[in-house]
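# Sequence and predicted model, in that order:
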Amino acid sequence: MTDTLKKDIRDLSLAELKSYLVSIKEKPFRAQQIFDWIYKKGAVSFDELLNLPQPLKDRLSADFLFEPINIATELTSEDGTRKFLFDLTDAQQVDSVLIPTKGRTTACISTQVGSKFGCRFCASGIGGWKRNLTPAEILAQVLHVRKESSDGRILSHIVFMGIGEPLDNYDNLIRAVDLINGKEAMELGARKITVSTSGVVPKIKMLAAQNVQLELAISLHGYDNPSRNVLMPVNKKYPIEELMSACREYVANKKRVITFEYIMIKGVTVTPAAPAALKKLFNGIKCKMNLIPYNKVDEFAHECPSVKEMTAFRDALEKLGIHATMRTPRGRDVGAACGQLRHVHGKK
């Protein structure tokens, strides 16, 4: 059984690890050696820290966890997308997805077990929320998926769009991002890391104040309050006007383009009124739209528009000056597409 009183060593920043080493009368330079083994060479146990003296490895093993991430299931789509279902140490599970496309290899990473937000097109929140993931559990997904990136491809982008609301696990997310981005650890550029949110306004404002140039994606999924209320319960707490205000603040602080994710559902988000309403909504925001064909989830009765209807919708947006791209669904056949990831423990 896991010792819940111990921290996982991947929960520590470099400064915290140096402080620990000094406290046990070890040289602080060992901290960077440990980081190199974990984040640059992909070590998954204390035994693999080969240039550390055995007494130090024994002490680290006594004081910290270094939990392996166990694969419950791995599925590969006909389009090359790979979905990993991981067992956590408390019998919970989360999904990650590796998406190889021309010019980039992207990891879609989970931040929570389940979701509190219950978006009414998405499988992730159907079983409710269980708990936040620790920084170590977030990083373990990234490190494993990076290792699994094949054919000589390097993991180039990370999107926090898996199970959970990333900004609802804000502190653990930022600690993980610091290590993914930091030169001492994984050294992935901040502009290659995207954080997606359903619209948690106070945390968007906190993210705007962070000294890191992350990409921000907003799960908009509606063009006014009534349409957004159909799919996004969070809109009741943070109405669309407040969300747009926070987005303007983010753009002003970061000088970055925001991506608005927009699920295309017949008669809900794809309607004659939507393009003009979106044009008005985006006034003064430097942004682009990512149009996502609805991926079937059994528990919801929504219908995806026809290809002709979706194309006409995109064209209507473009005519109004809104840059809109239609996403090609990836991994649908293995349940890895947008909205399909779910907490599956106990589900047959």
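Received, thanks.

# Please make it C-alpha for all contacts and neighbour counts, starting now.
Noted.

# Pull the contacting residues for residue 222.
228-229, 231, 262, 268-269 (C-alpha atoms under 8 Å, 6 or more residues apart in numbering).

# Closest one of the residues you listed to residue 174?
Checking these against residue 174 by C-alpha to C-alpha gives residue 262 as the nearest, at 25.1 Å.

# Tell me the secondary structure of the closest one, please.
Assigned with DSSP: H, G, I helix; E, B strand; the rest coil, residue 262 falls in the strand class.

# Specify the beta-bridge partners of it.
residue 291 (DSSP bridges).

# Equivalent analysis for residue 196, please.
Here residue 196, judged by DSSP bridges, has bridge partners residue 217.

# Show the average pLDDT along stretch 63-74.
Mean per-residue pLDDT for stretch 63-74: 89.

# ok, residue 105 to residue 92 distance?
27 Å (C-alpha to C-alpha, to the nearest Å).

# Mind checking which of the two has more residues around it?
Counting neighbours by other C-alpha atoms under 10 Å for residue 105 and for residue 92 shows that residue 105 has the greater number, 19 against 16.

# Could you pull up phi and psi at that one?
Main-chain dihedrals, residue 105, degrees, to the nearest 10: phi -130, psi 120.

# Give the bridge partners for it, please.
residue 100.

# going forward, begin numbering at 13 instead of 1
New numbering, starting at 13: the last item is residue 117.

# you'd agree it is up against residue 158?
No. Using C-alpha atoms under 8 Å, residue 117 is not in contact with residue 158; the gap is 9.3 Å.

# now the contacts of residue 234 as a markdown table including secondary structure, distance to residue 123 and pLDDT?
Listed next are the contacts of residue 234 as a markdown table, based on DSSP: H, G, I helix; E, B strand; the rest coil; distance: C-alpha to C-alpha, whole Å; pLDDT from 0 to 100:
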| residue | secondary structure | distance to residue 123 | pLDDT |
| --- | --- | --- | --- |
| 240 | helix | 24 | 93 |
| 241 | helix | 24 | 93 |
| 243 | helix | 21 | 90 |
| 274 | strand | 21 | 95 |
| 280 | coil | 28 | 92 |
| 281 | coil | 27 | 95 |
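
# residue contacts, the closest residue to residue 161 other than its chain neighbours?
Excluding the flanking residues, the one nearest residue 161 by C-alpha to C-alpha, 6 or more residues apart in numbering is residue 167, at 6.4 Å. Residue 167 sits next to 116-119, 158, 161 when contact means C-alpha under 8 Å, 6+ apart.

# No further questions, thank you.
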